[in-house]
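Peer 1: Fold the following and give me the result.
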Amino acid sequence: MNKYVVAFLNLADGEIKQEIVEANSALHAGVSYLNWWEYAEDEPQNLEDLYFQVFNGDCYLHVLDLNKALKTNWGGTKLQPSVGQFESDSGFH
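Peer 2: Predicted coordinates for the structure are as follows:
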């Protein structure tokens, strides 16, 4: 199983949520995170379809493959395989 970061934005409340999900593929990570579909035959068949269905629900979703991101020079800086702790006035702890 691979690890993915699933980022979800609901435009109704403006809250962004991110979670690390273990799954066999990016599509399965997004589908399992959302848990929107009652029957497997209703689920999206590919990642593009998943993004489209989420967008039609006035939300945004992005699935980042951590294995690929950690192996590449993603975004101009190297991602570190550790979790940092934020201590600031913004409330992140």
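Peer 1: Might one say that residue 9 is in contact with residue 59?
Peer 2: Yes: the criterion here is C-beta atoms under 8 Å, and residue 9 meets it with residue 59 at 6.2 Å. All C-beta spots, glycine's among them, are computed from the backbone N, C-alpha and C.
Peer 1: Name the nearest residue to residue 5, ignoring sequence neighbours.
Peer 2: Setting aside the residues directly before and after it, residue 5 is nearest to residue 64 in space (C-beta to C-beta, 6 or more residues apart in numbering), at 4.4 Å.
Peer 1: Show me where the chain has its strands.
Peer 2: Taking DSSP state E to define them, one finds strands in the chain at 2-10, 15-23, 59-65.
Peer 1: now those in CSV, with distance to residue 50 and mean neighbour count?
Peer 2: Listed next are those as CSV, based on distance: least, C-beta to C-beta, whole Å; neighbours: other C-beta atoms under 10 Å:
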stretch, distance to residue 50, mean neighbour count
strand 2-10, 11, 18
strand 15-23, 12, 13
strand 59-65, 7, 17
